[in-house]
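Q: Generate coordinates for the sequence data below:
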Amino acid sequence: MTYRRAVIPALVGGVLLTALLRWAGASVHALELPGADGVLGGQTAVGLQQWLAPWAYDPPASLQYGDRYRELYGTALQIRFGAAFAFFVLGALLLVRRLPPVRGRITAALLALWAWGLVAGTLAVTVSAPWLIAAWGHGSYRFLPQLASVGASGRQILVVTALVAAAGTVLAARVADKGTEPSAPEAVPARAARLAATVGTAVIALSLVVLSYQRVAAAIQTAAVGGGLLSEPGDLLRQWLLLGAWSGPSGAALGDWLVVRLADVLLLAVVWWALRRLPALLTRATVPAMAVATVCATVLGLLASQLLRIATDRTGMNYGLLQAFAGLGGGVPAALTFGLAAGAAAAVTLRLAAARRVGETAEAPVSA
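A: Numbers count the residues shown, from 1 in each chain. Presented below is the predicted three-dimensional model:
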């Protein structure tokens, strides 16, 4: 699919995502009505308010610092919605171009766009965070911890809205590309694809296994890189570098520990399988396409591992459905950091392995 054809589906998805997030934020007022507690239950209503509040355009009643701070809050939300639209369109444009939703690729395109919607929303929250922190009147106090806290908000509702936006993008792409012949993917040797998938998965494992180990994570948490606004960067570094958290089985039954670790294995398996399939799914395995697609694969692996943890947690449902799903959608910043690196490494490995195979074929002696 050409970029000219891909731009319309990308815009449709961006508008859908932004509109759904705007509508979700406007629903906060409905949850504050007296009847909401009776219909949903007090705990559920409060939980939904916490999920939707980061996308509420109107400033909360607790913001009592004057009109200038309310204007800052409005500016922050304008930047947030505008950034969500822009980030989604940019990523969707590349994905629809290189992973068009044609026969044999529809499911892959839908999942990739869904994951990218979460990335776009997370980036939008992070980009708009400084204005939101300033609106609360204490922007110079522990800025980096506040930035990490704001950046971690609003992710649960993104799981739903991004899925709807992805479906709309795929539908629009199918209409825009109707009547055209699908582009044939590049021929990639199976051995080169497996090697590239292994290299990319190793980069993801660097975060999930090495950096996420308890002692290493503690060192990152207590790291000191500067003073003033750059003091206490530990929370932000963990958010952008760690895909999980784990320690040895000390104090817990080995079986329970292994069940919890299955989620990490599932994440790596999803990433490896996706990277193994990407060269055959992409119309051209360029470095940008592989990098963005690997980010999407890592986010999907995170969602799969989080759902597995929810399903195997014996006590999660005791506190309600919302509490059980509270962690869904987390880890996206680290998935973006290491997904880009893993995708670039996989793309370079793929090119080098394919070029080496071509060179060996060219040098092979021809029998008389």
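
Q: Tell me, how many residues neighbour Ala124?
A: Residues lying near Ala124 (other Cβ atoms under 10 Å) number 27. Any C-beta I mention is one placed from the backbone N, CA and C, and that applies to glycine too.

Q: Who are the contact partners of it?
A: 79-84, 87 (Cβ atoms under 8 Å, 6 or more residues apart in numbering).

Q: if you set the cut-off to 7 Å instead, what comes out?
A: 80, 83-84, 87 (Cβ atoms under 7 Å, 6 or more residues apart in numbering).

Q: pLDDT wise, what is it at?
A: For Ala124, the pLDDT comes out at 96.

Q: What of Gly42?
A: With respect to pLDDT, Gly42 has a value of 67.

Q: same check, this time on Ala311
A: 88.

Q: Arg4 now?
A: For Arg4, the predicted pLDDT is 83.

Q: Tell me how far stretch 20-33 lies from the chain's centre.
A: 23 Å (Cα atoms, centre = their mean, to the nearest Å).

Q: Now that stretch: buried residues?
A: 20-22, 24-25, 27-28, 31 (16 or more other Cβ atoms under 10 Å).

Q: And for stretch 189-199?
A: By neighbour count with 16+ other Cβ under 10 Å, stretch 189-199 contains the buried residues 192-193, 195-197, 199.

Q: same question, stretch 123-141
A: Those would be 123-136, 139, for stretch 123-141 by 16+ other Cβ under 10 Å.

Q: Check pLDDT for these and point me to the minimum.
A: Scoring the buried residues of stretch 123-141 by pLDDT puts Gly139 last, at 66.

Q: can I assume Trp246 is in contact with Ser212?
A: Yes. Trp246 lies in contact with Ser212 (Cβ atoms under 7 Å); the separation is 5.9 Å.

Q: Compare neighbour counts for those two and give me the winner.
A: Between Trp246 and Ser212, counting by other Cβ under 10 Å, Ser212 is the more crowded of the two (23 against 16).

Q: Name all residues that make contact with that one.
A: 242-246.

Q: Could you pick out the buried ones from these?
A: 242-244, 246.

Q: Pick out whichever of those residues sits closest to Ala353.
A: Closest approach between these and Ala353, by Cβ to Cβ: Leu243, at 26.0 Å.

Q: The closest one and Val332 touch, don't they?
A: No. Leu243 sits out of contact with Val332 when judged by Cβ under 7 Å, with a separation of 9.9 Å.

Q: Next, format the contacts of Ala124 as a markdown table and append neighbour count, secondary structure and pLDDT.
A: Output for the contacts of Ala124, formatted as a markdown table (neighbours: other Cβ atoms under 10 Å; DSSP: H, G, I helix; E, B strand; the rest coil; pLDDT from 0 to 100):
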| residue | neighbour count | secondary structure | pLDDT |
| --- | --- | --- | --- |
| Arg80 | 26 | helix | 96 |
| Ala83 | 19 | helix | 97 |
| Ala84 | 31 | helix | 97 |
| Phe87 | 21 | helix | 97 |
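
Q: residues near Ala355, how many?
A: 11.

Q: Next, work out how far apart it and Pro145 are.
A: 47 Å (Cβ to Cβ, to the nearest Å).

Q: Quick check: Pro125 touching Phe81?
A: Actually, residue 125 is Val rather than Pro. No. Applying Cβ under 7 Å, one finds Val125 not in contact with Phe81, separated by 10.7 Å.

Q: for the nearest residue to Pro279 once chain neighbours are set aside, helix, strand, or coil?
A: Closest residue to Pro279 apart from its sequence neighbours, by Cβ to Cβ, 6 or more residues apart in numbering: Val188 at 4.0 Å. When classified by DSSP: H, G, I helix; E, B strand; the rest coil, Val188 comes out as coil.

Q: Tell me the spacing between Val188 and Arg277.
A: Taking Cβ to Cβ, one finds Val188 at 11 Å from Arg277.

Q: Among those two, which residue is more densely surrounded?
A: Neighbours were counted for Val188 and for Arg277 using other Cβ under 10 Å; Val188 has more, 19 against 15.

Q: wait, what's in contact with that one?
A: Residues in contact with Val188, defined by Cβ under 7 Å, 6+ apart, are 279-280, 285, 350, 354.

Q: what do you get if the cut-off is 10 Å, keeping everything else the same?
A: 196, 278-280, 282, 285, 350-351, 353-354, 357 (Cβ atoms under 10 Å, 6 or more residues apart in numbering).

Q: Tell me how many other residues surround Ala223.
A: 12.

Q: just checking, it touches Pro233?
A: Yes. Applying Cβ atoms under 10 Å as the test, Ala223 and Pro233 come out as touching, 6.4 Å apart.

Q: Quick check: which element contains the nearest residue to Val12 once chain neighbours are set aside?
A: Nearest non-adjacent residue to Val12, counting by Cβ to Cβ, 6+ apart: Ala172, 4.1 Å away. Ala172 is located in helix 155-176, with elements delineated by DSSP states H and E.

Q: what's downstream of that helix, the next helix or strand?
A: Going down the chain from helix 155-176, the next helix or strand is helix 190-205, by DSSP H and E.

Q: Please export the C-alpha coordinates of that following helix as PDB.
A: Provided in PDB are the C-alpha atoms of helix 190-205 (Å, rounded to 0.1, in the frame of the first residue of the first chain):
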ATOM      1  CA  ALA A 190      14.300 -19.200   7.400                       C
ATOM      2  CA  ARG A 191      17.600 -19.400   9.100                       C
ATOM      3  CA  ALA A 192      18.200 -15.700   8.800                       C
ATOM      4  CA  ALA A 193      14.700 -15.000  10.200                       C
ATOM      5  CA  ARG A 194      15.300 -17.300  13.200                       C
ATOM      6  CA  LEU A 195      18.700 -15.700  13.900                       C
ATOM      7  CA  ALA A 196      17.200 -12.200  13.700                       C
ATOM      8  CA  ALA A 197      14.300 -13.300  16.000                       C
ATOM      9  CA  THR A 198      16.800 -14.700  18.500                       C
ATOM     10  CA  VAL A 199      18.900 -11.500  18.600                       C
ATOM     11  CA  GLY A 200      15.800  -9.300  19.000                       C
ATOM     12  CA  THR A 201      14.500 -11.500  21.800                       C
ATOM     13  CA  ALA A 202      17.800 -11.300  23.500                       C
ATOM     14  CA  VAL A 203      17.600  -7.500  23.700                       C
ATOM     15  CA  ILE A 204      14.100  -7.800  25.200                       C
ATOM     16  CA  ALA A 205      15.500 -10.400  27.700                       C
END
